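In: Based on what follows, work out the 3D shape:
(one chain, ligands or ions: 1)
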Amino acid sequence: MKISDTHYRTIWPTAAGSVRVIDQSRLPFEFTTVDLETLEDAARAIRTMVVRGAPLIGAAAAYGLALAARSDASDQRLDQAARVLQATRPTAVNLAWALRRIRAALAAARPGERVEAAFLEAAAICDADVEQCRSIGVHGLEIIRALAGPAGRRLNILTHCNAGWLACVDWGTALAPIYMAHDAGIAVHVWVDETRPRNQGAALTAFELGAHGVAHTVIADNLGGHLMQRGAVDMVIVGSDRTTAAGDVCNKVGTYLKALAARDNRIPFYAALPSSSIDWSLDHGRDIPIEERSAMEVTHVTGRTAAGAIETVRVVPETSPALNLAFDVTPASLVTALITERGVCPASHAGLRSLYPDREATP
Ligand code: MRU
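Out: The predicted structure follows:
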């Protein structure tokens, strides 16, 4: 995607041997990059959400393992590095998937070629993610086109959190069809859930859509249901951090409530995801580990003051405890369909098998 006419991915290796990422913790106020030099740098970037979003977490973990291999490519060191990376964010399954891919590439490489093999595999993961997201966009575009109809009526699409290019390597999952619809001349307007507590919608999705010229309005998380009752939402598209083999969709907390409201108002609810976000080893969403993050993300908010300083302020009484579970599960029964890189399918075992007959359950 382009920022001020320059094409960016969210992560890329530099000629100097480091891995450069866009610092999402500074957005939308500052567009800056950070260089990751070590395993610890990569783990910190994932944990503190300098990089975030399921596919990008996977890509960053892949490069993190490659950086670890550069300092010591022994199996012992790589086991330990993989454990460090795996512990950073437990819900997005892309993380474990990417680590498995790097480990397999390293196991197949000659001893002196392990580091190169790891970096090559990390780059391949990134390239594949871009292509998969582009493909999700193409399939999702057809759904939007059909909904807009021959007269091309203006569509209002609601999305939650950030499942755009910042959450991936490029394009995005939920936002890829929206970008393609906009580029194809279909009039789309996006209701952007602010997505408390970390405000990925208000900060990141709004930034992305604005940079691409897509009409959008940021709304408080709780407004979506009312807008649906008013007939102001034509469809919902969200991303996914982990989708089970039976089609349960785990995504940013609050997604489930949108799916319930969409069902009550007979509004189609789609989840867009690459196959790297599917956990073939699980059927039930209740078995997905839900990340619990610092209560401070709930008790405080960060923003820019009129004087230009970025500050964090408390919004909850000093004595009140807070709970910060970062994801929830939308049961497959509430999902109209899954949009994947291989096409659109029902959110069910049979649906996913029809697109991925080649997939075996992974441990
Ligand atoms: O906590 P985050 O910002 O990593 O959560 C991101 C989401 O929940 C996205 O919707 C999800 O990763 C899908 S991204 C294409």
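In: Can you tell me which residues in this protein are near the ligand?
Out: By Cβ under 6 Å from any ligand atom, the residues of the chain that approach the ligand are 52-55, 92, 161, 163, 167-168, 172-173, 200, 239-241, 251-252, 326. Where C-beta positions appear, they are placed from N, C-alpha and C, glycine not excepted.
In: taking those one by one, which sit in helices?
Out: In this view, the residues of the chain next to the ligand that belong to helices under DSSP state H are 54-55, 200.
In: Now which of the residues of the chain next to the ligand would you call buried?
Out: Burial by neighbour count, 16 or more other Cβ atoms under 10 Å: within these this picks out 52-55, 92, 161, 163, 167-168, 172-173, 200, 239-241, 251-252, 326.
In: Among the ones in helices among the residues of the chain next to the ligand, which one lies nearest to the ligand?
Out: Here the nearest of those to the ligand, counting by Cβ to the nearest ligand atom, is A54; it sits at 3.6 Å.
In: hang on, isn't the closest one packed against V249?
Out: No: using Cβ atoms under 8 Å, A54 makes no contact with V249, being 11.5 Å away.
In: what touches both of those two?
Out: Common contacts of A54 and V249 (Cβ atoms under 8 Å, 6 or more residues apart in numbering): 240, 273.
In: Can you tell me the closest non-neighbouring residue to the residue in the stretch 201-350 of the chain that the ligand sits nearest to?
Out: Using Cβ to the nearest ligand atom, the closest approach of the stretch 201-350 of the chain to the ligand is made by G239 at 2.6 Å. Nearest residue to G239 in three dimensions, chain neighbours excluded: A163, at 2.7 Å (Cβ to Cβ, 6 or more residues apart in numbering).
In: Residue ranges in the stretch 251-363 of the chain under the pLDDT threshold?
Out: Residues of the stretch 251-363 of the chain that meet the criterion pLDDT under 70 lie in 360-363.
In: Need the mean per-residue confidence for whichever strand or helix holds V192.
Out: Using DSSP states H and E, V192 sits in strand 188-193. For strand 188-193, the mean pLDDT works out to 98.
In: In the chain, what residue spans correspond to helices?
Out: Under DSSP H, the chain gives helices at 39-47, 54-71, 75-86, 94-108, 114-148, 175-183, 200, 206-212, 224-229, 255-264, 296-299, 349-355.
In: And T305, how far from A202?
Out: Note on T305: its distance to A202, by Cβ to Cβ, to the nearest Å, is 16 Å.
In: Let me see the ranges of the strands in the stretch 251-363 of the chain.
Out: Under the criterion DSSP state E, counting those that start in this stretch, strands of the stretch 251-363 of the chain are mapped to 269-272, 278-279, 300-304, 310-314, 327-330, 337-340, 343-345.
In: which of those sits most buried?
Out: Comparing those by mean neighbour count (mean count of other Cβ atoms under 10 Å), strand 269-272 ranks first with a mean of 27.
In: Report all helices and strands that that one contacts.
Out: Here strand 269-272 touches helix 114-148, strand 235-238, helix 255-264, strand 337-340, going by 3 or more Cβ pairs under 8 Å, 6 or more residues apart in numbering; DSSP states H and E.
In: now the ones you listed in CSV, with distance to A87?
Out: Output for the helices and strands packed on strand 269-272, formatted as CSV (distance: least, Cβ to Cβ, whole Å):
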stretch, distance to A87
helix 114-148, 19
strand 235-238, 26
helix 255-264, 24
strand 337-340, 28
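In: Check what pLDDT K2 gets.
Out: 82.
In: who's it bridged to?
Out: H7 (DSSP bridges).
In: Can you name the residues that contact it?
Out: Neighbours of K2 in contact, by Cβ under 8 Å, 6+ apart: 8, 211-212.
In: Now for the residue nearest the centre of the chain: which residues touch it?
Out: Centroid-nearest residue in the chain: G53, 3.1 Å away (criterion: Cα atoms, centre = their mean). Applying Cβ under 8 Å, 6+ apart to G53 gives the contacts 92, 162-163, 166-168, 239.
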